[in-house]
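Visitor: Kindly return the folded structure for what I paste below:
(2 chains)
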Amino acid sequence: MKVNTMAEMMVTGNTPEVLFWVGCAGSFDQRAQKITKAFATILDKAGVQYAILGKEEACTGDPARRAGNEFMFQMMAYQNIQILNGYSIKKIVTTCPHCFNTLKNEYPALGGHYDVIHHTQFLQELIENGKIKFTDTNEWKGKSITYHDSCYLGRANDVYVAPRKVLESLEMELVEMKRCKSKGLCCGAGGAQMFKEEENGDKRINLERADEALATQTSFVAAACPFCNTMLTDGIKNRNEEVNTEVLDIAEIIAQAIR
Amino acid sequence: MGKDFSANDHPIARWKNVFLLALGQKKMFRNPIVAILHLCVYFGFVIINIELLEIILDGLLSTHHLFEPYLGTNYSFLINTFEILALLVLIACVIFLVRRNILKLKRFISKDLNGWPRSDANYILIAEIILMSLFLLMNACSTENNFIISKHIQPYLNDISTSNLVVIEKTAWWLHILGIYAFMNYLPYSKHLHILLAFPNAYYAPLVPKGMMHNMPAVQNEVIYAMHPELAPADATAPASFGAKDVMDLTWKNLMDAYSCTECGRCSAACPANSTGKLLSPRKIMMATRDRIEEVGKNIVLNKGFKADGKSLLNDYISVEELRACTTCNACVEECPVSISPLDIIIELRRSLIMEQSNAPQEWNGMFSNIENNFAPWKFAPDDRDAWTKQV
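Guide: Coordinates of the predicted model:
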């Protein structure tokens, strides 16, 4: 499978329907790379004309901005918008809710206007349009799963339905956690916490959330954010439950079911 | 005191928020039972105040049930409604007192409320109970009427002579009216001010997605001028400061937020940091902000302008450790029934911490330099960004 970059597309005079913004975690983190590959595979099989920025992509600046470093954020935003506008990008899909939020909500004020969607929304669209077809032996059918709402997808942008619709399309048995949707508990990684040690307290946030996920007694925990994925996986490992409960991104689940 | 902040766009959407969030108390319904009790107190408070008009006029004109002849049978219906509401308020306030002092719900026994704030809440509830009791007692003394609730008090008053009844009625009238006047004057000093400020606070609530942070055009321009020096105006001056160190650096909306807060603690109960024992409490952020505004306000009055007192909101009122614990998850913003954003203040203080004081944990400094040098928050070679494409 060939993954084209925007630069390569330009050379051949092609314009992709959508730019796949991979994000730093999706590009470099070994676990998140699997999500990236799964989503790229889905795009390929669904016949979507897409491209990535490749080496031209850079951090959106989200963790810097939330830590308080506005200068660093503005520098990154400036560079990214120059590249994106240079390619006349119209539509962006991303597997990272943090990139999604920044590109969608914060770049317009800086001159970057794009139609930005999260991969769970795109997957819902592709399933509803019949572009994604599932194998006849739907191995996911009836399996129990709980979905963890990412803060930057849920509360930050009111995306609660799309990820659940995607899971429903596989006829999985969705069990909600005690705190879900707008009441969903953070995994502990947002606001640049991913990049520092947690402050002193009684319990780690990811452990608190992992305990809530485990309380549903489902075989799978669905995530839609590479950071949430890491935090929940660590929490479940900490409880020695990784054999019974696996954390998967929604794209990984679909990639295993697609025809 | 606060910085300028414009929020007058989309008036229709803003009025909708006023009706849904303030008048309709939409967010309260996240817990329906509490919402209904709160609604009873609220409507009781507002509607019984209509009756207050008659009570005041009766007192001034030495009349008794002034409106009765004009309203005929409607009068009984009206007073009965008021009495039912008064009873509901009374019951709700008793339940609220029980929740606070006997059931000891976590958010009410939090150390955030130690001292005055905890008493403030109890005083208000007790005051409401007394006011409602006085209102019902006053009606019960009026033996020629049989109102729905107060008639049940009347049997207990049978043995009292008419002249004494008149004294009791007059006393109840005076205590009720004085109580209400005292309450009105107490409001601005109390967390109870939310009954008024909930309305403007809902109107000026942000209409953008919660994930969106305020842009800093000053920093944006600095970066543009660095990239394109030719664009910099000749008289370009660097901004005086970045982020907020003290309450004067916050917007008036942030300050109004502080006065709208009724310290209910829904924010802190939902906060992932607070509920796992971290020092951060979004409620305390709002309380600290209000305390500091009060202090700065007194300073301004005393010195006819602010005289530096060697203190600031950052460090003296809100510690670095609290700010560092925030995951910006927006749970506090989502929960607040009166459209307060503790997160906004946290972010502004974080900006000051990083950009003014270069005060960042070691790991964050590492993250910043990785972004600067490798275009990713981790130390990976930028050339490997698309390495995954070779594995598909």
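Visitor: Nearest residue to residue B:372 in space, ignoring adjacent ones along the chain?
Guide: residue A:72 (6.7 Å; CB to CB, 6 or more residues apart in numbering or on different chains). Using the backbone N, CA and C atoms, a C-beta is placed for each residue, glycine as well.
Visitor: What helix or strand is residue A:176 located in?
Guide: Using DSSP states H and E, residue A:176 sits within no helix or strand.
Visitor: ok, now which ones touch the closest residue to it other than its chain neighbours?
Guide: Excluding the flanking residues, the one nearest residue A:176 by CB to CB, 6+ apart is residue A:146, at 6.8 Å. When contacts are counted by CB atoms under 8 Å, 6 or more residues apart in numbering or on different chains, residue A:146 is found next to A:174, A:175, A:176, A:177, A:213, A:216, A:218, A:220, A:221, A:222.
Visitor: Pretty sure residue A:85 sits in a helix.
Guide: Yes. Membership of residue A:85 in a helix is supported by DSSP: H, G, I helix; E, B strand; the rest coil.
Visitor: count of neighbours near it?
Guide: 14 (other CB atoms under 10 Å in any protein chain shown).
Visitor: can you check residue B:47 too?
Guide: 16.
Visitor: how near is it to chain A?
Guide: According to CB to the nearest CB, to the nearest Å, residue B:47 and chain A sit 31 Å apart.
Visitor: Assign residue B:378 to helix, strand or coil.
Guide: Assignment for residue B:378 (three-state DSSP): coil.
Visitor: confidence score at it?
Guide: The per-residue pLDDT reported for residue B:378 equals 97.
Visitor: With residue B:254 instead?
Guide: For residue B:254, the predicted pLDDT is 97.
Visitor: Now it. Nearest residue, chain neighbours left out?
Guide: Residue B:254's closest residue in space is residue B:345 (CB to CB, 6+ apart), at 5.5 Å.
Visitor: any idea how far the helix or strand hosting that neighbour is from the chain center?
Guide: For residue B:345, the host element (DSSP H and E) is helix B:342-355. Computed by CA atoms, centre = their mean, to the nearest Å, the chain-centroid distance of helix B:342-355 equals 20 Å.
Visitor: Identify the residues contacting the helix or strand that comes right after that helix?
Guide: Next along the chain after helix B:342-355, taking DSSP H and E as the criterion, comes helix B:362-374. Residues from elsewhere that reach helix B:362-374, judged by CB under 8 Å, 6+ apart: A:59, A:61, A:63-64, A:67, A:69, A:72, A:75-76, A:192, A:195-197, B:354, B:360, B:376-382.
Visitor: Give the full set of residues in contact with residue A:59.
Guide: A:24, A:76, B:371, B:375, B:376, B:377.
Visitor: tell me which element it is part of?
Guide: Going by DSSP H and E, residue A:59 is not in any helix or strand.
Visitor: Look at it and report its pLDDT.
Guide: Residue A:59 is given a pLDDT of 98.
Visitor: can you check residue B:183 too?
Guide: So residue B:183 comes in at 84 (pLDDT).
Visitor: Same question for it, what's its three-state structure.
Guide: Going by three-state DSSP: residue B:183 is helix.
Visitor: Run a quick check on it versus residue B:127, I expect a contact.
Guide: Yes. Between residue B:183 and residue B:127 there is a contact under CB atoms under 8 Å: 6.2 Å.
Visitor: Neighbour count and pLDDT added to the contacts of residue A:146, as CSV?
Guide: Below are the contacts of residue A:146 laid out as CSV (neighbours: other CB atoms under 10 Å in any protein chain shown; pLDDT from 0 to 100):
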residue, neighbour count, pLDDT
A:174, 18, 97
A:175, 15, 98
A:176, 13, 98
A:177, 22, 98
A:213, 28, 98
A:216, 20, 97
A:218, 22, 97
A:220, 20, 98
A:221, 26, 98
A:222, 27, 98
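Visitor: and the residue nearest to residue B:372, what are its phi and psi?
Guide: Note on residue A:72: its backbone torsions stand at phi -60, psi -40 [degrees, to the nearest 10].
Visitor: ok, residue B:180 touching residue B:48?
Guide: No. Using CB under 8 Å, residue B:180 makes no contact with residue B:48, being 9.6 Å away.
Visitor: What count of nearby residues applies to the nearest residue to residue B:82 once chain neighbours are set aside?
Guide: Among residues not flanking residue B:82 along the chain, residue B:51 sits closest, at 4.9 Å (CB to CB, 6+ apart). Residue neighbour count, defined by other CB under 10 Å, stands at 19 for residue B:51.
Visitor: Also the one 10 residues further on?
Guide: Other residues near residue B:61 come to 9 when the count uses other CB under 10 Å.
Visitor: count of residues packed around residue A:244?
Guide: 12.
Visitor: How about residue A:87?
Guide: The burial count for residue A:87: 17, using other CB under 10 Å.
Visitor: Isn't residue A:38 up against residue A:250?
Guide: No. If you go by CB under 8 Å, residue A:38 and residue A:250 don't touch, sitting 9.3 Å apart.
Visitor: More neighbours: the two, which one.
Guide: Of the pair residue A:38 and residue A:250, residue A:250 is the one with more neighbours under other CB under 10 Å, namely 28 against 23.
Visitor: export the contacts of residue A:59 to JSON lines and tack on distance to residue B:108?
Guide: What follows is those, written out as JSON lines (distance: CB to CB, whole Å):
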{"residue": "A:24", "distance to residue B:108": "42"}
{"residue": "A:76", "distance to residue B:108": "44"}
{"residue": "B:371", "distance to residue B:108": "43"}
{"residue": "B:375", "distance to residue B:108": "48"}
{"residue": "B:376", "distance to residue B:108": "45"}
{"residue": "B:377", "distance to residue B:108": "40"}
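Visitor: from those residues, which single one is nearest residue B:21?
Guide: Taking CB to CB as the measure, residue B:21 lies nearest residue A:76 of the contacts of residue A:59, at 35.2 Å.
Visitor: Can you tell me whether I have it right that that closest one is in a strand?
Guide: No. Residue A:76 is assigned helix when assessed by three-state DSSP, not a strand.
Visitor: residues touching it, list them.
Guide: Residue A:76 touches A:58, A:59, A:60, A:61, A:64, B:371, B:375, counting by CB under 8 Å, 6+ apart.
Visitor: If we use 10 Å, what do you get?
Guide: A:58-65, A:102, B:223, B:371-372, B:375 (CB atoms under 10 Å, 6 or more residues apart in numbering or on different chains).
Visitor: Repeat that for residue B:113.
Guide: With CB under 10 Å, 6+ apart, residue B:113 has these contacts: B:100, B:107, B:119, B:120, B:121, B:191, B:263, B:265, B:283, B:284, B:287.
Visitor: Tell me the spacing between the second one and residue B:75.
Guide: What that stands for is residue B:107. 43 Å (CB to CB, to the nearest Å).
Visitor: Also the last one?
Guide: Here residue B:287 is placed at a distance of 45 Å from residue B:75 (CB to CB).
Visitor: any idea where the strands of the stretch 51-200 of chain A begin and end?
Guide: Applying DSSP state E, counting those that start in this stretch to the stretch 51-200 of chain A gives strands spanning A:91-94, A:115-118, A:144-147, A:173-174.
Visitor: now for the first one, which elements pack on it?
Guide: Read it as strand A:91-94. The elements that strand A:91-94 packs onto, with contact taken as 3 or more CB pairs under 10 Å, 6 or more residues apart in numbering or on different chains; DSSP states H and E, are strand A:18-21, helix A:30-45, helix A:97-101, strand A:115-118, helix A:119-128.
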